[in-house]
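Peer 1: sequence? don't have it. structure:
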């Protein structure tokens, strides 16, 4: 599967994220005198263009989250290059890079001892914004994700439902308007109805804001709802990449196995 029909007409200047022969391996102790090298991702090559939403799917341990963490330089490749906005990640200042890549994980990753207001304000505060600008942005972001600032801004994460915490996590990630959003199983712990609602809302939000997104999930149905492209990973390799339509018509054995799970659910 290599369906290039989605945003393939864009110019190279619209490539926001690029992996060039990227590998990542770790060395672990293996006995008293030997070390073993374990490859986590191997020979990754792909591009994400401006406004695209690449969804990475695959079994646990296949390298999806590692690939995500390579983008905002939480880890660095042991081979090849990861390029974000035209610059290799190893040449980016890591703090500046992370401020340009909003990051959302399960349950929002909120600071439990901070109110909703302080959670959303965390990155603008670090960026040196004025209190007036921060307060206005907090209200704007909460309204954007469907939470009333007057009702929710002064609550703590423990006072929110799981879906509300995820909304706050998205609001925080968007607070300083990063061009790239990275999401790691953000809706994985939610009940099915809340999850479906947030999937639809998130897709609409990304289309409205024209964000470039890399999103990790185990859920193929979620990938088909949200993504402009789906990348299937297996044992550290990207074994298939294309649009949702291309994935649905793929003849790749593992892709067919994932598609069979949709039939079982139905």
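Peer 2: Nice, thanks for sending it over. As the structure is a computational prediction, the values presented were derived from the model and not from experiment. Numbers count the residues shown, from 1 in each chain.
Peer 1: so residue 113 is in which element?
Peer 2: With elements delineated by DSSP states H and E, residue 113 resides in a region that no helix or strand encompasses.
Peer 1: can you pull the contacts of it?
Peer 2: When the contact criterion is Cβ atoms under 8 Å, 6 or more residues apart in numbering, the partners of residue 113 are residue 156. C-betas here are computed from N, CA, C, even on glycine.
Peer 1: just the strands in the stretch 151-266 of the chain please.
Peer 2: Secondary structure of the stretch 151-266 of the chain (DSSP state E, counting those that start in this stretch): strands at 180-184, 212-216, 229-234, 237-242.
Peer 1: Could you work out which of those strands reaches nearest to residue 22?
Peer 2: Among the strands of the stretch 151-266 of the chain, the nearest to residue 22 by Cβ to Cβ is strand 237-242 (9.8 Å).
Peer 1: now that closest one and strand 229-234, what's the angle there?
Peer 2: For strand 237-242 against strand 229-234, the angle by axes from the mean of the first three to the mean of the last three Cα atoms, to 10 degrees is 160 degrees.
Peer 1: Which strands border strand 237-242, and is each parallel or antiparallel?
Peer 2: Neighbouring strands of strand 237-242 in its sheet, by DSSP bridges, are strand 229-234 (antiparallel).
Peer 1: re the thing from before, nearest to residue 23, out of the strands of the stretch 151-266 of the chain?
Peer 2: Closest of those to residue 23 is strand 237-242, at 10.1 Å (criterion: Cβ to Cβ).
Peer 1: Touching the closest one from outside, list them.
Peer 2: Among residues not part of strand 237-242, those counted as contacts by Cβ under 8 Å, 6+ apart are 1-4, 41-46, 63, 229-233, 247, 250, 252, 254-255.
Peer 1: Restricted to buried residues, select these in PyMOL.
Peer 2: In PyMOL syntax, the buried subset of the contacts of strand 237-242 is picked out as below (16 or more other Cβ atoms under 10 Å):
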select buried, resi 1+3+41+42+44+46+63+229+230+231+232+233+247+250+252+254+255
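Peer 1: name the helices or strands packed onto the longest helix seen in the chain?
Peer 2: The residue-count maximum for a helix in the chain (DSSP state H) belongs to helix 192-209. Based on contacts counted as 3 or more Cβ pairs under 8 Å, 6 or more residues apart in numbering; DSSP states H and E, the elements that helix 192-209 packs against are helix 162-174, helix 220-226.
Peer 1: between that helix and helix 162-174, how big is the angle?
Peer 2: Direction vectors for helix 192-209 and helix 162-174, defined by the same axes, to 10 degrees, enclose an angle of 20 degrees.
Peer 1: Now do the buried residues in helix 192-209.
Peer 2: Of the residues in helix 192-209, those with enough neighbours to count as buried (16+ other Cβ under 10 Å) are 194-195, 198-199, 202-203, 205-206.
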